[in-house]
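# Build me a model from this:
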Amino acid sequence: MWFVGGGIYPFLSHATETIDPINVVYIRAWGSATILFLAVLFLAPQSPRAFKFDKTFIPIVISSAMYSPICSISLAWSSSRIPGAITALLYSTLPAMSIIYLALQGKRPSRLATSGVVVASIAVVFLIGAPQGSVQIAGIFAALLSTFAWFAATEIWIKYESGYPLIFAIFLQVFIGAIGTTIVHFVMKAPAVHAKDVFNPTMIFLILALASQYWAYLGISRRVSPALLTSFAFVNPLVAGVIGFFAFDQKLGIVQLIAGVILLIGVYLVVKSETTA
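The predicted structure follows:
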């Protein structure tokens, strides 16, 4: 999940160079939903019979909307305006968000965690306030929106247990999200989707990566601590930066590199405080 997740960001930036961001999300959503549906048929063929409209369905719909279209479209839109490594760095704030959320619930964070949040926040201010080259402020804010939406969706997913077999619950969440992207696709009057876009090698990777990431991430979300769950944020920026630099010639300015290092130090302090508590 760590390495596949990190690879998504530069590939997404590359895909949006030739494909409308909404279409990228639309294709990814239905492609990953199809893959997960096949997984349901093989691993839990009887599970769809357990589906029912009740109060457990509401949290699934809300988390689905948060993941897609809100998170996915803002991520794709930002990817057309900032390098993938920058987006990956902003997603590195997820562990800090987890600690802050726990604090709001009455679980007082340690000094180490508080220090980490402060350091990470300073780094984000640098990223927003000192863009260079192809880095656009609007793209950074869109990436932050995507990060917040991802965090909120994860918390809803963890808190409200659907009772369905895991693979079917994951498929259902992705499938509902795909319906949401379809609505946005038509409301926003996005360009028509062409076969060359669907079978574009970059899109194929993004579809497979999204399906596997959802499967892994949501599969372990109820089994590990928030700090460990979001620890993928450490590896993602490195993977995104390396792939973006060597495969897609994506460059980062010195300010972004310095801010990235500061951000990772801050997030490390937060997770360190969680895992040693």
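# And stretch 265-275, what's buried?
Applying a neighbour-count criterion of 16 or more other Cβ atoms under 10 Å, one finds 266-274 buried in stretch 265-275. In this view, the C-beta of every residue, glycine as well, is placed from N, C-alpha and C.
# From these, which land in helices?
With helices taken from DSSP state H, the overlap with the buried residues of stretch 265-275 comprises 266-274.
# just the helices in the stretch 1-150 of the chain please.
Using DSSP state H, counting those that start in this stretch, the helices of the stretch 1-150 of the chain run over 2-15, 21-43, 57-65, 72-79, 84-91, 94-104, 111-129, 137-159.
# closest to R49 out of those?
helix 21-43 (11.4 Å; Cβ to Cβ).
# what does that closest one rub up against?
Helix 21-43 has contacts (Cβ atoms under 8 Å, 6 or more residues apart in numbering) with 12, 15-16, 19, 47-48, 68-69, 72-73, 76-77, 79-80, 167-168, 170-171, 174-175, 177-178, 181-182, 184-185, 188, 190-191, 193, 197-198, 203, 206-208, 210-211, 214-215.
# so who does I19 touch?
Going by Cβ under 8 Å, 6+ apart, the list of residues near I19 reads 27, 197, 200, 203.
# helices or strands next to the helix or strand harbouring G180 in the packing?
Using DSSP states H and E, the element containing G180 is helix 166-187. Counting by 3 or more Cβ pairs under 8 Å, 6 or more residues apart in numbering; DSSP states H and E, the packing neighbours recorded for helix 166-187 are helix 21-43, helix 57-65, helix 72-79, helix 201-220.
# Just the angle for the second one relative to helix 166-187, thanks.
In this case it means helix 57-65. Angle between the axes of helix 57-65 and helix 166-187 is 60 degrees (criterion: axes from the mean of the first three to the mean of the last three Cα atoms, to 10 degrees).
# As a markdown table, the contacts of I19 with pLDDT and distance to G106 would be great.
Formatted as a markdown table, the contacts of I19 follow (pLDDT from 0 to 100; distance: Cβ to Cβ, whole Å):
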| residue | pLDDT | distance to G106 |
| --- | --- | --- |
| I27 | 96 | 43 |
| D197 | 94 | 48 |
| N200 | 94 | 48 |
| M203 | 95 | 45 |
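# how about low-confidence regions in the stretch 51-200 of the chain?
85, 109, 125-135 (pLDDT under 70).
# circling back to that earlier point, in CSV, list the buried residues of stretch 265-275 along with pLDDT and distance to A123.
Below are the buried residues of stretch 265-275 laid out as CSV (pLDDT from 0 to 100; distance: Cβ to Cβ, whole Å):
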residue, pLDDT, distance to A123
G266, 78, 6
V267, 74, 9
Y268, 77, 12
L269, 78, 12
V270, 71, 12
V271, 70, 15
K272, 75, 16
S273, 70, 17
E274, 61, 19
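# now, which of the residues you listed sits nearest V239?
For the buried residues of stretch 265-275, the nearest to V239 is V267 (15.4 Å; Cβ to Cβ).
# Pretty sure the closest one sits against L90.
No - look at V267 against L90 with Cβ atoms under 8 Å: they stay out of range, at 10.9 Å.
# quick one, phi psi at K107?
phi -100, psi 100 (degrees, to the nearest 10).
# contacting residues around it?
No contacts exist for K107 under Cβ under 8 Å, 6+ apart.
# Then the one 5 residues further on?
For L112, the residues meeting the contact criterion (Cβ under 8 Å, 6+ apart) are 269-270, 272-273.
# Count the residues that sit near S92.
Using other Cβ atoms under 10 Å, the number of residues around S92 comes to 26.
# wait, it sits on A259?
No - using Cβ under 8 Å, S92 is not in contact with A259, being 10.8 Å away.
# Show me the common contact partners of the two, please.
Counting by Cβ under 8 Å, 6+ apart, S92 and A259 have no common neighbour.
# Confirm for me that K159 is in contact with I60.
No - applying Cβ under 8 Å as the test, K159 and I60 come out as separate, 11.8 Å apart.
# out of these two, which sits in the busier spot?
Using other Cβ under 10 Å as the criterion, K159 and I60 rank with I60 on top: 20 against 10.
# check contacts around that one.
The neighbours of I60, taking Cβ under 8 Å, 6+ apart as the test, are 160, 162, 169, 172-173, 176.
# Fine, thanks again, bye for now.
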